[in-house]
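1. Sequence isn't available, so here's the structure alone:
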(Lines give C-alpha, C1' and ligand atoms only; values in the text may rest on other atoms or scores of the structure.)
Protein backbone atom coordinates (compact mmCIF):
# COMPACT_ATOMS: atom_id res chain seq x y z
CA UNK A 1 0.00 0.00 0.00
CA UNK A 2 2.84 2.34 0.87
CA UNK A 3 4.46 1.63 -2.49
CA UNK A 4 1.23 2.55 -4.26
CA UNK A 5 0.92 5.85 -2.38
CA UNK A 6 4.57 6.68 -3.05
CA UNK A 7 4.11 6.01 -6.76
CA UNK A 8 1.00 8.23 -6.87
CA UNK A 9 2.93 11.04 -5.18
CA UNK A 10 5.76 10.83 -7.66
CA UNK A 11 3.31 10.82 -10.57
CA UNK A 12 1.59 13.90 -9.16
CA UNK A 13 4.84 15.80 -8.94
CA UNK A 14 5.77 14.81 -12.48
CA UNK A 15 2.30 15.75 -13.75
CA UNK A 16 2.47 19.12 -11.98
CA UNK A 17 5.88 19.79 -13.46
CA UNK A 18 4.69 18.86 -16.92
CA UNK A 19 1.67 21.15 -16.57
CA UNK A 20 3.94 24.14 -15.86
CA UNK A 21 6.11 23.50 -18.90
CA UNK A 22 3.79 25.34 -21.37
CA UNK A 23 3.87 28.51 -19.21
CA UNK A 24 7.64 28.62 -19.34
CA UNK A 25 7.46 28.79 -23.14
CA UNK A 26 4.74 31.48 -23.33
CA UNK A 27 4.89 35.24 -22.74
CA UNK A 28 2.10 37.83 -23.00
CA UNK A 29 2.09 41.25 -24.65
CA UNK A 30 -0.63 43.58 -23.34
CA UNK A 31 -2.43 46.36 -25.19
CA UNK A 32 -0.25 49.37 -25.94
CA UNK A 33 2.92 47.27 -25.81
CA UNK A 34 5.37 45.72 -28.27
CA UNK A 35 7.93 42.95 -27.80
CA UNK A 36 11.50 42.93 -29.07
CA UNK A 37 13.02 39.43 -29.14
CA UNK A 38 16.67 38.73 -28.46
CA UNK A 39 18.28 35.33 -29.14
CA UNK A 40 21.74 34.23 -28.16
CA UNK A 41 22.89 33.33 -31.68
CA UNK A 42 21.15 35.85 -33.94
CA UNK A 43 21.01 38.92 -31.68
CA UNK A 44 18.00 41.28 -31.74
CA UNK A 45 15.27 40.24 -34.15
CA UNK A 46 14.25 42.78 -36.78
CA UNK A 47 10.57 42.00 -36.18
CA UNK A 48 8.43 43.14 -33.27
CA UNK A 49 5.56 41.21 -31.71
CA UNK A 50 2.20 42.80 -30.95
CA UNK A 51 -0.56 42.11 -28.39
CA UNK A 52 -1.31 38.53 -27.44
CA UNK A 53 0.46 35.35 -26.22
CA UNK A 54 3.59 34.15 -27.96
CA UNK A 55 5.95 31.12 -27.70
CA UNK A 56 9.66 31.42 -27.03
CA UNK A 57 12.52 29.13 -26.06
CA UNK A 58 13.84 29.91 -22.59
CA UNK A 59 17.57 30.65 -22.27
CA UNK A 60 17.85 30.74 -26.05
CA UNK A 61 15.43 33.67 -26.43
CA UNK A 62 14.68 36.65 -24.16
CA UNK A 63 11.60 38.89 -24.77
CA UNK A 64 11.78 42.65 -23.96
CA UNK A 65 8.44 44.41 -23.54
CA UNK A 66 8.18 48.09 -24.53
CA UNK A 67 5.35 50.47 -23.65
CA UNK A 68 4.45 52.31 -26.86
CA UNK A 69 1.74 54.51 -25.30
CA UNK A 70 2.30 58.25 -24.94
CA UNK A 71 4.02 59.12 -21.65
CA UNK A 72 4.86 62.48 -19.98
CA UNK A 73 8.27 63.65 -18.88
CA UNK A 74 9.24 66.95 -17.23
CA UNK A 75 12.66 68.52 -17.77
CA UNK A 76 13.84 71.29 -15.43
CA UNK A 77 16.74 73.51 -16.31
CA UNK A 78 18.33 76.78 -15.20
CA UNK A 79 19.96 78.87 -17.90
CA UNK A 80 20.84 82.44 -18.89
CA UNK A 81 19.16 84.84 -21.29
CA UNK A 82 20.79 87.14 -23.81
CA UNK A 83 20.84 89.98 -21.25
CA UNK A 84 22.49 87.64 -18.69
CA UNK A 85 19.43 87.09 -16.53
CA UNK A 86 19.04 83.69 -14.86
CA UNK A 87 15.75 81.88 -15.55
CA UNK A 88 14.37 78.53 -14.42
CA UNK A 89 12.24 76.68 -16.98
CA UNK A 90 10.16 73.52 -16.74
CA UNK A 91 9.45 71.73 -20.01
CA UNK A 92 6.84 68.99 -20.33
CA UNK A 93 7.28 66.38 -23.07
CA UNK A 94 4.73 63.82 -24.25
CA UNK A 95 6.76 61.10 -25.95
CA UNK A 96 6.57 57.53 -27.29
CA UNK A 97 9.00 55.24 -29.12
CA UNK A 98 8.90 54.87 -32.88
CA UNK A 99 7.28 51.43 -33.21
CA UNK A 100 8.86 50.51 -36.53
CA UNK A 101 12.33 51.21 -35.18
CA UNK A 102 11.99 49.49 -31.81
CA UNK A 103 14.65 46.81 -32.55
CA UNK A 104 17.23 49.47 -33.46
CA UNK A 105 16.18 51.57 -30.43
CA UNK A 106 16.67 48.54 -28.21
CA UNK A 107 20.07 47.78 -29.72
CA UNK A 108 21.40 51.32 -29.42
CA UNK A 109 19.77 52.73 -26.29
CA UNK A 110 17.95 49.98 -24.45
CA UNK A 111 14.71 49.99 -22.43
CA UNK A 112 15.66 53.19 -20.54
CA UNK A 113 16.04 55.16 -23.79
CA UNK A 114 14.01 58.12 -22.47
CA UNK A 115 16.33 58.69 -19.49
CA UNK A 116 19.36 58.50 -21.76
CA UNK A 117 18.16 60.91 -24.46
CA UNK A 118 15.41 63.33 -23.42
CA UNK A 119 17.12 65.17 -20.50
CA UNK A 120 20.23 65.66 -22.62
CA UNK A 121 18.62 67.06 -25.75
CA UNK A 122 16.00 68.93 -23.69
CA UNK A 123 18.57 70.90 -21.71
CA UNK A 124 20.66 71.55 -24.80
CA UNK A 125 17.73 72.91 -26.83
CA UNK A 126 16.43 75.02 -23.94
CA UNK A 127 19.78 76.67 -23.32
CA UNK A 128 20.32 77.35 -27.02
CA UNK A 129 16.88 78.90 -27.61
CA UNK A 130 16.65 80.94 -24.39
CA UNK A 131 20.09 82.45 -25.03
CA UNK A 132 18.68 84.15 -28.14
CA UNK A 133 16.14 86.27 -26.22
CA UNK A 134 16.07 88.85 -23.47
CA UNK A 135 14.43 87.93 -20.18
CA UNK A 136 11.44 90.17 -20.86
CA UNK A 137 10.90 88.57 -24.28
CA UNK A 138 10.35 85.20 -22.62
CA UNK A 139 7.08 86.64 -21.32
CA UNK A 140 5.99 88.79 -24.25
CA UNK A 141 6.93 86.22 -26.93
CA UNK A 142 6.21 83.03 -25.02
CA UNK A 143 4.22 81.40 -27.84
CA UNK A 144 6.95 82.05 -30.38
CA UNK A 145 9.69 80.73 -28.08
CA UNK A 146 7.65 77.67 -27.14
CA UNK A 147 7.12 76.88 -30.83
CA UNK A 148 10.85 77.19 -31.55
CA UNK A 149 11.72 74.89 -28.66
CA UNK A 150 9.11 72.37 -29.78
CA UNK A 151 10.37 72.25 -33.36
CA UNK A 152 14.02 71.95 -32.33
CA UNK A 153 13.59 69.27 -29.70
CA UNK A 154 11.17 67.26 -31.89
CA UNK A 155 13.71 67.18 -34.71
CA UNK A 156 16.51 66.14 -32.33
CA UNK A 157 14.44 63.38 -30.71
CA UNK A 158 13.44 61.98 -34.09
CA UNK A 159 17.07 61.12 -34.78
CA UNK A 160 16.91 58.77 -31.78
CA UNK A 161 13.62 57.19 -32.96
CA UNK A 162 11.62 58.98 -30.27
CA UNK A 163 8.40 60.72 -31.28
CA UNK A 164 7.21 63.83 -29.40
CA UNK A 165 3.47 64.52 -29.56
CA UNK A 166 3.55 67.70 -27.49
CA UNK A 167 6.11 70.07 -25.98
CA UNK A 168 5.08 72.88 -23.64
CA UNK A 169 6.66 75.34 -21.19
CA UNK A 170 4.85 74.73 -17.89
CA UNK A 171 6.89 76.96 -15.59
CA UNK A 172 9.05 80.03 -16.01
CA UNK A 173 10.61 82.00 -13.17
CA UNK A 174 13.28 84.68 -12.77
CA UNK A 175 15.69 85.65 -10.06
CA UNK A 176 14.38 87.77 -7.17
CA UNK A 177 16.02 90.99 -8.41
CA UNK A 178 14.60 90.73 -11.91
CA UNK A 179 11.16 89.70 -10.65
CA UNK A 180 11.15 92.81 -8.41
CA UNK A 181 12.19 94.96 -11.39
CA UNK A 182 9.29 93.58 -13.47
CA UNK A 183 6.85 94.31 -10.64
CA UNK A 184 8.15 97.87 -10.29
CA UNK A 185 7.83 98.38 -14.03
CA UNK A 186 4.21 97.24 -13.99
CA UNK A 187 3.43 99.60 -11.13
CA UNK A 188 5.11 102.46 -13.01
CA UNK A 189 3.11 101.71 -16.15
CA UNK A 190 -0.16 101.69 -14.21
CA UNK A 191 0.77 104.99 -12.57
CA UNK A 192 1.60 106.42 -16.01
CA UNK A 193 -1.79 105.35 -17.33
CA UNK A 194 -3.49 106.94 -14.33
CA UNK A 195 -1.64 110.22 -14.92
CA UNK A 196 -2.63 110.14 -18.59
CA UNK A 197 -6.27 109.70 -17.56
CA UNK A 198 -6.06 112.63 -15.14
CA UNK A 199 -4.46 114.83 -17.84
CA UNK A 200 -7.14 113.84 -20.37
CA UNK A 201 -9.87 114.49 -17.81
CA UNK A 202 -8.39 117.92 -17.03
CA UNK A 203 -8.27 118.78 -20.73
CA UNK A 204 -11.91 117.78 -21.13
CA UNK A 205 -12.87 119.86 -18.10
CA UNK A 206 -11.07 122.85 -19.64
CA UNK A 207 -12.95 122.36 -22.89
CA UNK A 208 -16.24 122.05 -20.99
CA UNK A 209 -15.46 125.23 -19.02
CA UNK A 210 -14.74 127.11 -22.25
CA UNK A 211 -17.98 125.87 -23.82
CA UNK A 212 -19.92 126.82 -20.69
CA UNK A 213 -18.33 130.29 -20.64
CA UNK A 214 -19.14 130.76 -24.31
CA UNK A 215 -22.73 129.69 -23.66
CA UNK A 216 -23.07 132.07 -20.72
CA UNK A 217 -21.60 134.89 -22.80
CA UNK A 218 -24.05 134.15 -25.61
CA UNK A 219 -26.91 134.02 -23.11
CA UNK A 220 -25.84 137.39 -21.67
CA UNK A 221 -25.83 138.89 -25.14
CA UNK A 222 -29.30 137.56 -25.84
CA UNK A 223 -30.63 138.89 -22.52
CA UNK A 224 -29.00 142.26 -23.14
CA UNK A 225 -30.56 142.43 -26.61
CA UNK A 226 -33.94 141.41 -25.19
CA UNK A 227 -33.75 144.12 -22.50
CA UNK A 228 -32.90 146.74 -25.10
CA UNK A 229 -35.80 145.65 -27.28
CA UNK A 230 -38.50 144.80 -24.70
CA UNK A 231 -37.39 146.65 -21.57
CA UNK A 232 -37.21 144.95 -18.16
CA UNK A 233 -40.22 142.74 -18.73
CA UNK A 234 -38.00 139.75 -19.55
CA UNK A 235 -36.17 140.10 -16.23
CA UNK A 236 -39.48 140.25 -14.38
CA UNK A 237 -40.57 137.04 -16.13
CA UNK A 238 -37.35 135.36 -15.05
CA UNK A 239 -37.97 136.51 -11.47
CA UNK A 240 -41.46 135.03 -11.54
CA UNK A 241 -40.12 131.74 -12.93
CA UNK A 242 -37.41 131.59 -10.24
CA UNK A 243 -39.92 132.42 -7.51
CA UNK A 244 -42.26 129.71 -8.76
CA UNK A 245 -39.43 127.15 -8.78
CA UNK A 246 -38.49 128.06 -5.19
CA UNK A 247 -42.09 127.68 -4.08
CA UNK A 248 -42.47 124.29 -5.77
CA UNK A 249 -39.17 122.72 -4.74
CA UNK A 250 -38.18 124.15 -1.36
CA UNK A 251 -39.59 123.28 2.02
CA UNK A 252 -38.53 126.14 4.26
CA UNK A 253 -37.28 129.73 4.15
CA UNK A 254 -35.01 131.10 6.86
CA UNK A 255 -34.58 134.84 7.53
CA UNK A 256 -31.82 136.32 9.70
CA UNK A 257 -32.40 139.92 10.81
CA UNK A 258 -29.88 142.50 11.97
CA UNK A 259 -30.92 142.08 15.59
CA UNK A 260 -29.67 138.46 15.57
CA UNK A 261 -33.10 136.93 15.34
CA UNK A 262 -33.95 134.00 13.08
CA UNK A 263 -37.36 133.52 11.51
CA UNK A 264 -38.46 130.44 9.59
CA UNK A 265 -41.63 129.55 7.83
CA UNK A 266 -43.13 127.12 5.35
CA UNK A 267 -43.56 128.42 1.84
CA UNK A 268 -47.19 128.85 0.88
CA UNK A 269 -46.61 130.53 -2.44
CA UNK A 270 -46.58 134.05 -3.88
CA UNK A 271 -49.21 136.74 -3.93
CA UNK A 272 -50.10 138.94 -6.90
CA UNK A 273 -47.24 141.33 -6.17
CA UNK A 274 -44.74 138.43 -6.11
CA UNK A 275 -44.27 138.72 -2.34
CA UNK A 276 -43.04 135.49 -0.68
CA UNK A 277 -45.80 134.37 1.70
CA UNK A 278 -44.65 132.47 4.80
CA UNK A 279 -47.05 130.25 6.70
CA UNK A 280 -46.72 129.47 10.42
CA UNK A 281 -43.82 131.90 10.75
CA UNK A 282 -42.06 131.70 14.09
CA UNK A 283 -38.85 132.88 15.70
CA UNK A 284 -35.92 130.60 16.49
CA UNK A 285 -33.22 131.50 18.99
CA UNK A 286 -29.80 130.96 17.43
CA UNK A 287 -27.62 129.73 20.30
CA UNK A 288 -24.24 130.38 18.71
CA UNK A 289 -22.53 133.66 17.83
CA UNK A 290 -24.20 135.64 15.03
CA UNK A 291 -21.06 137.55 14.11
CA UNK A 292 -20.29 135.32 11.11
CA UNK A 293 -23.92 135.11 9.93
CA UNK A 294 -24.96 137.64 7.26
CA UNK A 295 -28.35 139.26 7.29
CA UNK A 296 -30.45 137.77 4.56
CA UNK A 297 -32.74 135.08 3.27
CA UNK A 298 -31.56 131.45 3.19
CA UNK A 299 -32.95 128.40 1.47
CA UNK A 300 -33.11 125.22 3.54
CA UNK A 301 -32.83 121.88 1.74
CA UNK A 302 -32.61 119.19 4.39
CA UNK A 303 -29.32 119.83 6.20
CA UNK A 304 -28.09 122.33 3.57
CA UNK A 305 -28.63 126.08 4.04
CA UNK A 306 -27.92 128.38 1.07
CA UNK A 307 -27.89 132.19 1.09
CA UNK A 308 -30.02 133.52 -1.80
CA UNK A 309 -30.08 137.23 -0.98
CA UNK A 310 -29.04 139.91 1.52
CA UNK A 311 -31.54 142.24 3.21
CA UNK A 312 -31.07 146.00 3.04
CA UNK A 313 -30.57 147.54 6.47
CA UNK A 314 -33.42 150.07 5.99
CA UNK A 315 -36.06 147.37 5.51
CA UNK A 316 -38.85 147.36 8.05
CA UNK A 317 -38.24 144.20 10.05
CA UNK A 318 -41.88 143.90 11.06
CA UNK A 319 -42.92 142.70 7.64
CA UNK A 320 -40.50 139.79 7.86
CA UNK A 321 -43.05 137.97 9.94
CA UNK A 322 -45.39 137.69 6.98
CA UNK A 323 -43.90 138.75 3.67
CA UNK A 324 -40.52 139.12 2.01
CA UNK A 325 -40.48 141.17 -1.18
CA UNK A 326 -37.94 140.05 -3.77
CA UNK A 327 -36.99 143.65 -4.49
CA UNK A 328 -35.73 143.91 -0.92
CA UNK A 329 -33.00 141.40 -1.68
CA UNK A 330 -29.59 142.22 -3.03
CA UNK A 331 -28.05 139.59 -5.31
CA UNK A 332 -25.22 137.58 -3.76
CA UNK A 333 -22.05 137.47 -5.90
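-> Arrived safely. As the structure is a prediction and not an experimental result, all values here were calculated from the model.
2. is it true that residue 172 touches residue 91?
-> No. With contact defined as Cβ atoms under 8 Å, residue 172 does not reach residue 91; the gap is 10.0 Å. C-beta here means a position set from N, CA and C on the backbone, and glycine is covered the same way.
3. When the two are compared, which one has more neighbours?
-> residue 91 (24 against 17; other Cβ atoms under 10 Å).
4. I'd like to know which elements the helix or strand that one falls within is packed against.
-> Assigned by DSSP states H and E, residue 91 belongs to strand 86-97. If contacts are counted by 3 or more Cβ pairs under 8 Å, 6 or more residues apart in numbering; DSSP states H and E, strand 86-97 sits against strand 71-80, helix 113-130, helix 142-158, strand 162-174.
5. Could you find the closest non-adjacent residue to residue 124?
-> Distances taken as Cβ to Cβ, 6 or more residues apart in numbering put residue 156 closest to residue 124, at 7.7 Å, once the chain neighbours are dropped.
6. which residues sit in contact with that neighbour?
-> Going by Cβ atoms under 8 Å, 6 or more residues apart in numbering, residue 156 touches 121, 124, 125.
7. Against residue 197, how distant is it?
-> Remark: distance between residue 156 and residue 197 (Cβ to Cβ, to the nearest Å) = 50 Å.
8. How about residue 185?
-> 19 Å.
9. And for residue 44, the neighbour number?
-> 17.
10. Same question for residue 146.
-> When counting by other Cβ under 10 Å, one arrives at 17 neighbours for residue 146.
11. Look up how far residue 81 lies from it.
-> Remark: distance between residue 146 and residue 81 (Cβ to Cβ) = 15 Å.
12. ditto for residue 205
-> To residue 81, residue 205 is 46 Å away according to Cβ to Cβ.
13. three-state assignment of residue 107?
-> helix (DSSP: H, G, I helix; E, B strand; the rest coil).
14. One more: residue 134?
-> Secondary structure assignment for residue 134 (three-state DSSP): coil.
15. was I right about it contacting residue 84?
-> No. Counting by Cβ under 8 Å, no contact exists between residue 134 and residue 84, whose distance comes to 9.7 Å.
16. And these two? Which one has more around it.
-> Using other Cβ under 10 Å, the more surrounded residue of residue 134 and residue 84 is residue 134, with 14 against 9.
17. which one is the more buried one nearest to, not counting chain neighbours?
-> Spatial nearest neighbour of residue 134, chain neighbours left out: residue 83 (4.7 Å); criterion: Cβ to Cβ, 6+ apart.
18. Repeat that for residue 160.
-> Using Cβ to Cβ, 6+ apart and skipping residues adjacent in sequence, the residue nearest residue 160 is residue 117, 4.8 Å away.
19. Which residue is the nearest non-sequential neighbour of residue 99?
-> residue 68 (5.5 Å).
20. give the contact list for the one you found.
-> Contact analysis of residue 68 by Cβ under 8 Å, 6+ apart lists 32, 33, 34, 96, 97, 99, 102.
21. Now the buried members of those residues.
-> Among the contacts of residue 68, those classed as buried by 16 or more other Cβ atoms under 10 Å are 33, 34, 96, 97, 102.
22. What is the neighbour count of residue 160?
-> Residue 160 has 20 nearby residues by other Cβ under 10 Å.
23. So it: helix, strand or coil?
-> Secondary structure state of residue 160, per three-state DSSP, is coil.
24. Next one: it from residue 214, what distance?
-> 79 Å.
25. what do you get for residue 220?
-> Counting by Cβ to Cβ, the gap from residue 220 to residue 214 is 11 Å.
26. correct me, but residue 30 touches residue 51?
-> Yes. Under the criterion of Cβ under 8 Å, residue 30 makes contact with residue 51 at 6.5 Å.
27. Which one of these two is surrounded by more residues?
-> Neighbours per residue (other Cβ under 10 Å) separate residue 30 from residue 51, with residue 51 holding more: 13 against 9.
28. In contact with residue 78, which residues?
-> By Cβ under 8 Å, 6+ apart, the residues touching residue 78 are 86, 87, 88, 89.
29. Longest helix in this structure, please.
-> Counting residues, the longest helix found in the chain (DSSP state H) is helix 176-230.
30. Great, nothing more from me.
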